[in-house]
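Trainee: 3D, please:
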Amino acid sequence: MVFTFLTEEETETRKKMLLIEEELIRLGGRREFKLLKDNYSNLFWPEKNSISYSNSSRCVQSEIYFDTQEQLKEAIKQIGEQRIIDEYLKPRMIFEEDEE
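Mentor: Numbers count the residues shown, from 1 in each chain. Next up is the predicted model:
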């Protein structure tokens, strides 16, 4: 598989995101959503700069899921919550400058 990016900075950002995604999967996560089953994922709250946990059996809301909240918590602990925020979640956001 080949990825193409416009800048070297974008390439490095995406590389970090993919590495964290791989770590989440290695630590028990999965990409597949299990309908009517437990699908634990993280939720990022930018205003608090923190992660919380969510479970859904009917609504697809994330890219990586875990069977239990404990698995998700352990994966976040091993990778580092701030690293996940800075290198995996924040790059998915658009921060618009104040127009004032």
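
Trainee: how about the strands of the chain, start to end?
Mentor: Using DSSP state E, the strands found in the chain span residues 40-45, 50-55.

Trainee: got CSV for the ones you listed, with distance to Ala75 too?
Mentor: For glycine as for every other residue, the C-beta is placed from the backbone atoms N, C-alpha and C. Output for the strands of the chain, formatted as CSV (distance: least, CB to CB, whole Å):
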stretch, distance to Ala75
strand 40-45, 9
strand 50-55, 11
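
Trainee: Counting neighbours, what do you get for Ile20?
Mentor: 20 (other CB atoms under 10 Å).

Trainee: Which residue ranges of the chain form helices?
Mentor: Remark: helices assigned in the chain by DSSP state H are 8-26, 69-79, 81-84.

Trainee: could you list every residue that touches Met91?
Mentor: Check again: residue 91 is Pro, not Met. 13-14, 16-17 (CB atoms under 8 Å, 6 or more residues apart in numbering).

Trainee: coming back round to it: do you know which of the helices of the chain lies nearest Asp38?
Mentor: Between Asp38 and the helices of the chain, the tightest spacing by CB to CB is seen for helix 69-79, at 8.4 Å.

Trainee: Next, the buried residues of the closest one.
Mentor: Using 16 or more other CB atoms under 10 Å as the test for burial, helix 69-79 gives 71-73, 75-76, 79.

Trainee: Cheers, nothing more for now.
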